[in-house]
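Prediction below, plus the sequence it came from.
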Amino acid sequence: MAGKVLIAIGVAIVLIGIIVQYAPGLLGWFGKLPGDIDIPRDGSRIFIPITSMIIVSLVLTLVINLFFRR
């Protein structure tokens, strides 16, 4: 069981790396959603991706539940 999870995580990391490297336009919306807080100040920036992290959490929950379903 642990082997399958590690393989799935590895495949997911490779796929995300390929998407980020060769198709950055696909994730151009990520981090710019309504609810993501971006506060630029003099020489610094505060970025709090609330909505984006909720979406990541939902997707990971669905994927993990698919793997551990009996």
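The structure has been received and is ready for your questions.

other SSEs contacting the helix or strand of the chain with the lowest mean pLDDT?
The least trusted helix or strand in the chain, going by mean pLDDT, DSSP states H and E, turns out to be helix 2-22, with a mean of 84. In terms of contacts (3 or more Cβ pairs under 8 Å, 6 or more residues apart in numbering; DSSP states H and E), helix 2-22 is packed against helix 50-67. Backbone N, C-alpha and C define where each C-beta goes, glycine included.

helices or strands up against the next helix or strand after the least confident helix or strand of the chain?
Following helix 2-22 in sequence order, the next helix or strand is strand 36-41 (DSSP states H and E). On a contact count with 3+ Cβ pairs under 8 Å, 6+ apart, strand 36-41 meets strand 44-49, helix 50-67.

My read is that Ile37 contacts Arg45, right?
No: counting by Cβ atoms under 8 Å, Ile37 does not reach Arg45; the two are 10.8 Å apart.

want to throw the helices and strands packed on strand 36-41 into JSON lines with mean neighbour count and mean pLDDT?
Below are the helices and strands packed on strand 36-41 laid out as JSON lines (neighbours: other Cβ atoms under 10 Å; pLDDT from 0 to 100):
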{"stretch": "strand 44-49", "mean neighbour count": "11", "mean pLDDT": "91"}
{"stretch": "helix 50-67", "mean neighbour count": "12", "mean pLDDT": "87"}
